[in-house]
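> Have a look at this prediction, sequence included:
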2 protein chains.
Amino acid sequence: MSSYNVKQEVTDKYSLRGRVFNRLREDILSGKYEEHEELKEMAIGEEMGVSRTPVREAFRQLELEGLIQIIPNKGAYVTGITEKDVRDIYMIRSMLEGLCARWATEHITKEQMDEMEENVYLAEFHAKKGHLEQLAELDNRFHDILYEACSSKILEHQLKDFHQYVLRVRRKTLANANRGPKSNEEHRQIMEAIRDRNADLAEQLAHQHMINAYENMVKNGLHEAYERDESQSKK
Amino acid sequence: MSSYNVKQEVTDKYSLRGRVFNRLREDILSGKYEEHEELKEMAIGEEMGVSRTPVREAFRQLELEGLIQIIPNKGAYVTGITEKDVRDIYMIRSMLEGLCARWATEHITKEQMDEMEENVYLAEFHAKKGHLEQLAELDNRFHDILYEACSSKILEHQLKDFHQYVLRVRRKTLANANRGPKSNEEHRQIMEAIRDRNADLAEQLAHQHMINAYENMVKNGLHEAYERDESQSKK
DNA sequence: GCTCGTGTAATTGTATACAATTATACGAGC
DNA sequence: GCTCGTATAATTGTATACAATTACACGAGC
């Protein structure tokens, strides 16, 4: 948690531990393993053709990512996310997202500013065309730009962690919600506030943007999406 | 990171990995190992009388705590904290501490409220007597009560993580600073705001309290304390 | 039928052996 | 003297064997 520090890049994808880690991570996020499911070292190892050692170490890293929980002498279990957890994380994120926008206003480079503007224009284009996939992609990218622009590795990492953590829930609600245009408009406002060097406004807008995103998510059925996640996870 | 999730309790202190983990953690926080120092699996293992396996797993957990960084095929290095990191963390903490105080106002139990009041009174007593050790202890406890009272495991864990992370720097500046009385007064105000169920005020006070603590730290020589940490770490 | 032990199987924890990678020392060549 | 390459040592990565712990099934006793 550690994990506000800048963790190692997961570029060691050619080590066995790295491969196990990446694959397990993908499997958990995609819902192959359901929540609270027990992951057995030997079974995973056999499935991936490696011994228990790299599996055990990958487990420790997945615990680091918050995706599993290891109970000594018992086993490793896929982390469950309660609705309260999601709510708490969104509230925390809304605070930090505001702080991030403030810092971004103070530190953003010209290149980042340009990309952010481009992102907003592109998103409006795809929104008109109804391209939901591109829209979701641009939405993710907008926030990543914001995180990178704040020029704080610690805050950036923190926010990316949170973002990933709720991805399991969020990805279900993004596409089918009709929030696209409204979200874009909010992105535009944040972008303009940063461009105008209005840190107070940027902070307030980014803060509210997160709260809106959460409330929209709840309105459009966090619970249902959540359940759907569970039911399809048997694979 | 991981680590906004509720990680396993480190109560498995009787497993070898748990023992190695706890001891290494203590050694790093106390400054036995200096920043950026390389930790070698074999050396640590021999020193503690265990094989490399539990050491390697303890390393992964320490990375989870943010105390070391592991570079594949290279080694494990004690995490360095820059002054900017400390500043960033304090700013992030100040936001979250405010949020925490707000939630605490809404969820605090009678027992927690009582302990918080007692804490404030006791701190004022020890401040008059000049008992710096007890004062530092009560200060830590005050914030722990606050974290527990917010009734969000995620926020609580997040804040405790940050708190621990800056401990290496902070412990040097707490005792010799003359901030005790002022800090106590701020604790009292926060406590009273929570008691009066004034969430807005509690949030604002807790937020400012963190900023004050940071600014005091800088004023009293973060840099010097930081350097001192380095020089004495040779052991 | 239910509860509680006991014994066996399954699983995790640790040590060790070996493979792969990286760091270091040393000398050839310029 | 400097650079580069090679050989050797040191260190990390992985597999495997064994120990310790936990889960579970089965049967005794009530």
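Received it, and whenever you're ready, just let me know what you need. Remember, it's a predicted structure, so these values are computed and weren't measured experimentally.
> check contacts around the closest residue to residue A:182 other than its chain neighbours.
In space, and not counting its chain neighbours, residue A:182 is closest to residue A:212: 7.4 Å by Cβ to Cβ, 6 or more residues apart in numbering or on different chains. Yep, even glycine has a C-beta here, placed from its N, CA and C like the rest. By Cβ atoms under 8 Å, 6 or more residues apart in numbering or on different chains, residue A:212 lies in contact with A:182-183, A:186.
> so where do the helices sit in chain A?
Secondary structure of chain A (DSSP state H): helices located at A:16-30, A:41-48, A:52-64, A:83-107, A:110-129, A:132-149, A:153-165, A:167-176, A:180-195, A:199-219, A:222-231.
> Residue A:84: neighbour count?
For residue A:84, the count of nearby residues is 12 (other Cβ atoms under 10 Å in any protein chain shown).
> With residue A:23 instead?
Neighbour number of residue A:23 under other Cβ under 10 Å is 16.
> What distance do you get for the residue nearest to it when sequence neighbours are not counted to residue B:148?
Computed as Cβ to Cβ, 6+ apart, the closest residue to residue A:23 that is not its neighbour in sequence is residue A:48, at 6.6 Å. Distance, residue A:48 to residue B:148, by Cβ to Cβ, to the nearest Å: 40 Å.
> Between those two, point out the one with more neighbours.
A side-by-side neighbour count of residue A:48 and residue B:148, using other Cβ under 10 Å, places residue B:148 first with 19 against 16.
> ok, that one touching residue B:156?
Yes: between residue B:148 and residue B:156 there is a contact at 6.2 Å, judged by Cβ atoms under 8 Å.
> List the buried residues of stretch A:105-117.
Applying a neighbour-count criterion of 16 or more other Cβ atoms under 10 Å in any protein chain shown, one finds A:105, A:108, A:112-113, A:115-116 buried in stretch A:105-117.
> and chain A, what are its domains?
A:16-78, A:83-234 (automatic domain parsing).
> so where is chain A shaky, pLDDT-wise?
Chain A contains residues with pLDDT under 70 at A:1-12, A:170-178, A:221-235.
> ok, now how distant is residue A:81 from residue A:201?
In terms of Cβ to Cβ, residue A:81 sits 32 Å off from residue A:201.
> Can you give me the neighbour number for residue A:219?
Neighbour number of residue A:219 under other Cβ under 10 Å is 11.
> let me redo that: residue A:88
Residues within reach of residue A:88, counting by other Cβ under 10 Å, total 22.
> tell me the contacts of it?
By Cβ under 8 Å, 6+ apart, residue A:88 lies in contact with B:152, B:154-155.
> before we move on, what about residue A:189?
Contacts of residue A:189 by Cβ under 8 Å, 6+ apart are residue A:205.
> same thing but 10 Å
A:120, A:201-202, A:204-206, A:208-209 (Cβ atoms under 10 Å, 6 or more residues apart in numbering or on different chains).
> now do residue A:23
Contacts here follow Cβ under 10 Å, 6+ apart; on that basis residue A:23 touches A:13, A:32, A:44, A:47-48, A:58.
> so which of these is the most crowded?
That'd be residue A:58 among the contacts of residue A:23, by other Cβ under 10 Å, with 30 neighbours.
> my read: that residue touches residue A:16, true?
Yes: the criterion here is Cβ atoms under 10 Å, and residue A:58 meets it with residue A:16 at 8.5 Å.
> which neighbours do those two share?
Counting by Cβ under 10 Å, 6+ apart, the residues touching both residue A:58 and residue A:16 are A:45, A:48, A:50.
> measure the last one to DNA strand C for me?
Pointing back at residue A:50 there. 13 Å (Cβ to the nearest atom of the strand, to the nearest Å).
> these two touch, right, that residue and residue A:24?
No: proximity of residue A:50 to residue A:24 does not meet the contact threshold set by Cβ under 10 Å, at 11.5 Å.
> Give me the more crowded residue out of the two.
A side-by-side neighbour count of residue A:50 and residue A:24, using other Cβ under 10 Å, places residue A:24 first with 25 against 16.
> Common neighbours of residue A:50 and residue A:24, please.
Joint contacts of residue A:50 and residue A:24 (Cβ under 10 Å, 6+ apart) are A:44, A:58.
> follow-up on the earlier one: is it possible to get TSV of the shared contacts of residue A:58 and residue A:16 that adds distance to residue A:85?
Formatted as TSV, the shared contacts of residue A:58 and residue A:16 follow (distance: Cβ to Cβ, whole Å):
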residue	distance to residue A:85
A:45	30
A:48	29
A:50	32
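> so which of those are also by DNA strand D?
By Cβ under 7 Å from any atom of the strand, the members of those lying near DNA strand D are residue A:50.
> out of the contacts of residue A:88, which are buried?
Going by neighbour count (16+ other Cβ under 10 Å), the contacts of residue A:88 have B:152, B:154-155 buried.
> nearest spatial neighbour of residue A:64, skipping sequence neighbours?
In space, residue A:64 is closest to residue B:64, 4.2 Å off (Cβ to Cβ, 6+ apart).
> Residue A:91 now?
residue B:99 (6.7 Å).
> Now do the one you found: how many residues are near it, please.
By the criterion of other Cβ under 10 Å, residue B:99 has 23 neighbours.
> likewise residue A:127?
19.
> Residue A:16 too?
Residue A:16 has 18 neighbours, counted by other Cβ under 10 Å.
> Could you list which residues are in contact with it?
Contacts of residue A:16 (Cβ under 10 Å, 6+ apart): A:45, A:48-51, A:53-55, A:57-58.
> Emit the ChimeraX select command for whichever of those residues are buried.
Selecting only the buried entries of the contacts of residue A:16 in ChimeraX, with 16+ other Cβ under 10 Å as the criterion:
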select /A:45,48,50,54,55,57,58
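> got the contacts of residue A:16 as a markdown table, with distance to residue A:68 columns?
Rendered in a markdown table, the data for the contacts of residue A:16 read as follows (distance: Cβ to Cβ, whole Å):
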| residue | distance to residue A:68 |
| --- | --- |
| A:45 | 15 |
| A:48 | 16 |
| A:49 | 21 |
| A:50 | 17 |
| A:51 | 19 |
| A:53 | 17 |
| A:54 | 15 |
| A:55 | 12 |
| A:57 | 13 |
| A:58 | 10 |
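> out of the contacts of residue A:16, what pair is the most spread apart?
Largest separation among these by Cβ to Cβ: A:49 and A:57, giving 16.0 Å.
> is DNA strand C contacted by stretch A:18-26?
No: against DNA strand C, stretch A:18-26 shows no contacts by Cβ under 7 Å from any atom of the strand, the least distance being 12.0 Å.
> can you give me how far that stretch is from the chain middle?
Relative to its chain's centre, stretch A:18-26 lies at 17 Å (Cα atoms, centre = their mean, to the nearest Å).
> just checking: which of the contacts of residue A:189 also lie near chain B?
On the criterion Cβ under 10 Å from any Cβ of the partner chain, none of the entries of the contacts of residue A:189 sits beside chain B.
> now, among the residues you listed, which is nearest to chain B?
The nearest member of the contacts of residue A:189 to chain B, counting by Cβ to the nearest Cβ, is residue A:206 at 12.4 Å.
> got the residues of chain A near DNA strand C?
With Cβ under 7 Å from any atom of the strand as the criterion, chain A meets DNA strand C at residues A:38-43, A:52-53, A:56, A:70, A:72-76.
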